[in-house]
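S.K.: Based on what follows, work out the 3D shape:
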Amino acid sequence: MKKNAGFTLIELVAVLVILALLGAMAVPRFTDVSSDALTAAKNGSIAGVRSGHAMAIAKLKTLPQLDQMIDYVGGPNIAVAADNSGIEVTINSVPYVVKTYTDTTCATATSNATDQVGCVGEI
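M.R.: Got it, this is the predicted structure:
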């Protein structure tokens, strides 16, 4: 009598179906995590710019100019936005602008690098 060793085609297909179902459940969870990570990075960048704004006020004893804030925010991926509307931060090679305003109520956006920054807004 000859013994056949191995798996049948039905058994292999069943394993592939189970793996496909597990993979289909894992992919949406992974994309939610990466979206949450980007949101956290943006919020961290906003907090960093706000902290730099507070440090600049404490050091200068007056509202800092937009171009002065770069010294207090720091980091290799920080610059004044090209349109002077705020501080540009780079996350995963994508630039985002943290908006800055000339008044403390966040109503009038900065438009010049020498504008005094009274308020830091959102991305």
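
S.K.: got the residue ranges for the helices in this structure?
M.R.: With DSSP state H, the ranges of helices along the chain come out as 9-60, 66-73.

S.K.: what's the most buried one of those?
M.R.: Of all the helices of the chain, helix 66-73 has the most neighbours on average by mean count of other Cβ atoms under 10 Å, namely a mean of 19. C-betas here are computed from N, CA, C, even on glycine.

S.K.: Run through who's touching that helix.
M.R.: Contacts to helix 66-73, defined as Cβ atoms under 8 Å, 6 or more residues apart in numbering, come from residues 48-49, 51-53, 55-56, 59-60, 64, 78-80, 84, 86-87, 100, 110, 112-117.

S.K.: quick revisit: of the helices of the chain, which is nearest residue 123?
M.R.: helix 9-60 (5.0 Å; Cβ to Cβ).

S.K.: mean confidence for the closest one?
M.R.: Here helix 9-60 scores 87 as its mean pLDDT.

S.K.: from the chain's centre, how far out does that helix sit?
M.R.: Computed by Cα atoms, centre = their mean, to the nearest Å, the chain-centroid distance of helix 9-60 equals 11 Å.

S.K.: same thing with stretch 87-107?
M.R.: How far stretch 87-107 lies from its chain's middle: 12 Å, per Cα atoms, centre = their mean.

S.K.: quick one: pLDDT of the closest residue to residue 65 other than its chain neighbours?
M.R.: What sits nearest to residue 65 in space, not counting adjacent residues and going by Cβ to Cβ, 6 or more residues apart in numbering, is residue 114, at 5.1 Å. pLDDT recorded at residue 114 is 91.

S.K.: Same check on residue 2?
M.R.: At residue 2, pLDDT is 67.

S.K.: about what we covered before: okay, the helices of the chain in CSV with distance to residue 93 next?
M.R.: Below are these laid out as CSV (distance: least, Cβ to Cβ, whole Å):
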stretch, distance to residue 93
helix 9-60, 12
helix 66-73, 19
